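Peer 1: return a 3D structure for these sequence lines:
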Amino acid sequence: MNSIKKIFLCCLVLSLGSMLTSIPVKAGNPQSRSRVTQTKKKTATKKQSTTQKQSPATSQSSSSKGQTFTVKGVSFKMIPVDGASFSIGMTEVTQALWTAVMGNNPSKFKGNNLPVEQVSWNDCHQFITRLNQLTGNKFRLPNVSEWEIAAYGGSKKADYLYSGSHYIDKIAWYKGNSGGTSHKVGTKQPNQLGIYDMTGNVWEWCDDDEKTASTLMGYSHLAKGGGWGNTEDDCLIPKNVKCYPNFTRPVLGFRLAMDIEIPNYEVFNVKGVEFKMIKVGNPVLYYIGMTEVTQTLWEAVMGNNPSLLKSPNHPVEQVSWDACQVFVKRLSELTGKKFRLPNETEWLFAAYGGKNKNDFRFSGSNNIDEIAWYLKNSDRKTHAVATKKPNQLGIYDMIGNVKEWCEASQKIKSQLGNDSGHVVMGSSFFESDEINMATYSTEYSSDYKIGFRLAMDEK
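Peer 2: Residues are numbered from 1 along each chain as shown. You can find the predicted model right below:
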């Protein structure tokens, strides 16, 4: 059976050879054995006679629209994909970059700013290994799903036939305008994200995603985007070709991808006082304060400081439930956001680390001295917020410093048999390490051991 499968795949790649040469054949119908995935979409027939040239940026500084890297004098830019956790090359990898990294140029059509071609999937991975050694970064190929997300424009998605337009002449070098050769990268119109040549110029190798890995089984890999020798129909975003990992053609290249960290917080500023809210999923997304509300923030909003143990960056305390509600209302009016207190379920989920939960005894550690001000190390007083280690989500002082007012969930209200609406979670600087994070209390009014932290719905 395995030998039959290998023979079939060999035939498959040999048939692909005719498609990936300078005069590729057009994709067949959905029932054919062609390795081009068929998607029945009507292509736009209107042609744009004028080509607008745009040169990609060569700045070496980081910006909100991407980060520029330089290797042996050759610069290239990575564009963050809106709504995703990766960035992707603003252009296909050029011959100049390939030569800087590999010391050779396998391309048929030579030119520093032309896309490198005649490179196999294996070659691409060798290039990436060397590039990562030179830069200290973790570049990679985009997987098939990521490539399509970027081609469609990420969260700026428009249902274009091609990447950035319904009209292929505006955004791509393909059979109808290429003159039978590749062209300089970045000379057509980019898509919504500022990414060039996702359609046309050269096909682009991709890594497997979860879906394709189960069907390809490592024997072959997909390339996306169409090339200079392909028809309009071949260049539609969903189309792909399947090739052996050592397969090369003058119409087959690639672009880079790289994981990026998405900030998991939002920063707010009220009358010069800054505070951060951490994003948490439960699975409904909400935000919770990175720290307990400080005396500085309370005073900026309320104009007073009720705390017994006064110090600007210490948590505010001696605040009642009702006073917290007044504060939240005024803060919401000042910022235009809808702040609130977390309920005890949200508080506990964040304390355990959200989806990053570990079975720590305390919030972020089994060693309470690492993460909390409590009876044995506090000198029986509050301390500046965020001076101990945070938990997995980057949240400080969920245990220790001050206890925290929380809304009562409907479950707790039912258990209590009353409609009090609030509980107190956590522990304070005045308590021992014999605590349970899931313990709550309903017996408090205002107290110098009780403060609170904010919550906010994602919307």
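Peer 1: apart from its neighbours in sequence, what residue is nearest M198?
Peer 2: Leaving aside its chain neighbours, M198 sits nearest to S163 (3.5 Å; criterion: Cβ to Cβ, 6 or more residues apart in numbering). To be clear about C-beta, it is placed using only N, CA and C from the backbone, and glycine gets the same treatment.
Peer 1: repeat for A384
Peer 2: Of all residues beyond its chain neighbours, the one nearest A384 is N313 (4.2 Å), with distances taken as Cβ to Cβ, 6+ apart.
Peer 1: could you do A455 as well?
Peer 2: P342 (3.8 Å).
Peer 1: related to what we said a few turns ago, surely the residue nearest to M198 is in contact with N191?
Peer 2: Yes. S163 is in contact with N191 according to Cβ atoms under 8 Å; the separation is 4.6 Å.
Peer 1: which neighbours do the two share?
Peer 2: Common neighbours of S163 and N191 (criterion: Cβ atoms under 8 Å, 6 or more residues apart in numbering): A151, G153, I171, M198.
Peer 1: for the last one, which residues are in contact?
Peer 2: Going by Cβ under 8 Å, 6+ apart, M198 touches W147, A150, A151, S163, G164, I171, N191, E204, G225, I237.
Peer 1: for N313, same thing?
Peer 2: Contact partners of N313, counting by Cβ under 8 Å, 6+ apart, are T294, Q295, T296, A384, V385.
Peer 1: 7 Å - rerun?
Peer 2: N313 is in contact with T294, T296, A384, V385, counting by Cβ atoms under 7 Å, 6 or more residues apart in numbering.
Peer 1: neighbour-wise, which one of the residues you listed leads?
Peer 2: Within the contacts of N313, neighbour counts (other Cβ atoms under 10 Å) peak at V385, which reaches 25 neighbours.
Peer 1: leaving out the residues flanking it, which one is nearest to that residue?
Peer 2: Nearest to V385 is T291, by Cβ to Cβ, 6+ apart, at 3.9 Å.
Peer 1: so that neighbour makes contact with D397?
Peer 2: Yes. In this structure T291 lies within contact range of D397 using Cβ atoms under 7 Å: 6.3 Å.
Peer 1: neighbour-wise, which of the two wins?
Peer 2: Higher neighbour count among T291 and D397: D397, with 30 against 23, using other Cβ under 10 Å.
Peer 1: for the stretch 101-250 of the chain, give me the ranges with low pLDDT.
Peer 2: Applying pLDDT under 70 to the stretch 101-250 of the chain flags residues 213-214, 217-218.
Peer 1: how about the strands of it, start to end?
Peer 2: Remark: strands assigned in the stretch 101-250 of the chain by DSSP state E, counting those that start in this stretch are 139-140, 203-205, 221-224, 240-243.
Peer 1: tell me how far the third one lies from the chain's centre.
Peer 2: Put simply, strand 221-224 sits 23 Å off its chain's centre (Cα atoms, centre = their mean, to the nearest Å).
Peer 1: tell me the strands beside it, with direction?
Peer 2: strand 203-205 (antiparallel), strand 240-243 (antiparallel) (DSSP bridges).
Peer 1: now, which of the contacts of M198 sits nearest K276?
Peer 2: Of all these, K276 sits closest to A150, with 29.4 Å by Cβ to Cβ.
Peer 1: ok, back up a step: format the strands of the stretch 101-250 of the chain as CSV; extra columns: distance to E274 and mean neighbour count.
Peer 2: Below are the strands of the stretch 101-250 of the chain laid out as CSV (distance: least, Cβ to Cβ, whole Å; neighbours: other Cβ atoms under 10 Å):
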stretch, distance to E274, mean neighbour count
strand 139-140, 34, 19
strand 203-205, 42, 29
strand 221-224, 43, 26
strand 240-243, 47, 24
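Peer 1: closest one to G354 among the ones you listed?
Peer 2: The nearest among these, by Cβ to Cβ, is strand 139-140 at 26.6 Å.
Peer 1: ok now that closest one, how far from the chain's centre?
Peer 2: Counting by Cα atoms, centre = their mean, strand 139-140 comes out at 15 Å from the chain centroid.
Peer 1: hang on, the earlier thing: quick one: which two of the shared contacts of S163 and N191 are the most distant?
Peer 2: G153 and I171 (11.9 Å).
Peer 1: looking at these two, which has the bigger crowd around it?
Peer 2: Neighbour count, other Cβ under 10 Å: between G153 and I171, I171 has more, with 25 against 22.
Peer 1: ok, now which ones touch the more buried one?
Peer 2: Y162, S163, G164, S165, K188, Q189, T199.
Peer 1: just to revisit the earlier point, how near is the residue nearest to V385 to N366?
Peer 2: T291 sits 22 Å away from N366, going by Cβ to Cβ, to the nearest Å.
Peer 1: now Y374
Peer 2: 14 Å.
Peer 1: between the two, who's got more neighbours?
Peer 2: Remark: of Y374 and N366, Y374 carries more neighbours, 23 against 11, as counted by other Cβ under 10 Å.
Peer 1: ok, and what's touching stretch 349-367?
Peer 2: The contact list for stretch 349-367 (Cβ under 7 Å, 6+ apart) reads 280-282, 288, 368, 371-372, 389-393, 395, 398-399, 437.
Peer 1: looking at the residues you listed, which are in strands?
Peer 2: Among the contacts of stretch 349-367, the ones falling in strands (DSSP state E) are V280, G281, I288.
Peer 1: report the buried members of those.
Peer 2: Buried positions within these, assessed by neighbour count (16 or more other Cβ atoms under 10 Å), are V280, I288.
Peer 1: nearest to G73, of the ones in strands among the contacts of stretch 349-367?
Peer 2: Among the ones in strands among the contacts of stretch 349-367, G281 lies closest to G73 (Cβ to Cβ), at 43.6 Å.
Peer 1: who's that closest one bridged to?
Peer 2: Per DSSP bridges, residues listed as beta-bridge partners of G281: L285.
Peer 1: identify the residue nearest the geometric centre of the protein.
Peer 2: S85 (1.5 Å; Cα atoms, centre = their mean).
Peer 1: now the helices: where do they sit in the chain?
Peer 2: For the chain, the helices defined by DSSP state H cover 2-19, 95-102, 121-135, 144-152, 168-171, 210-216, 295-302, 321-335, 344-351, 368-371, 410-416.
Peer 1: ok, which of those helices comes nearest K403?
Peer 2: Of the helices of the chain, the one closest to K403 (Cβ to Cβ) turns out to be helix 344-351, at 11.0 Å.
Peer 1: report the angle between the closest one and strand 285-289.
Peer 2: 80 degrees (axes from the mean of the first three to the mean of the last three Cα atoms, to 10 degrees).
Peer 1: how is the protein divided into domains?
Peer 2: 2-259, 265-457 (automatic domain parsing).
Peer 1: coming back round to it: from G272, how far off is the residue nearest to V385?
Peer 2: Distance from T291 to G272, by Cβ to Cβ: 17 Å.
Peer 1: do S307 as well
Peer 2: For S307, the distance to G272 - Cβ to Cβ - is 19 Å.
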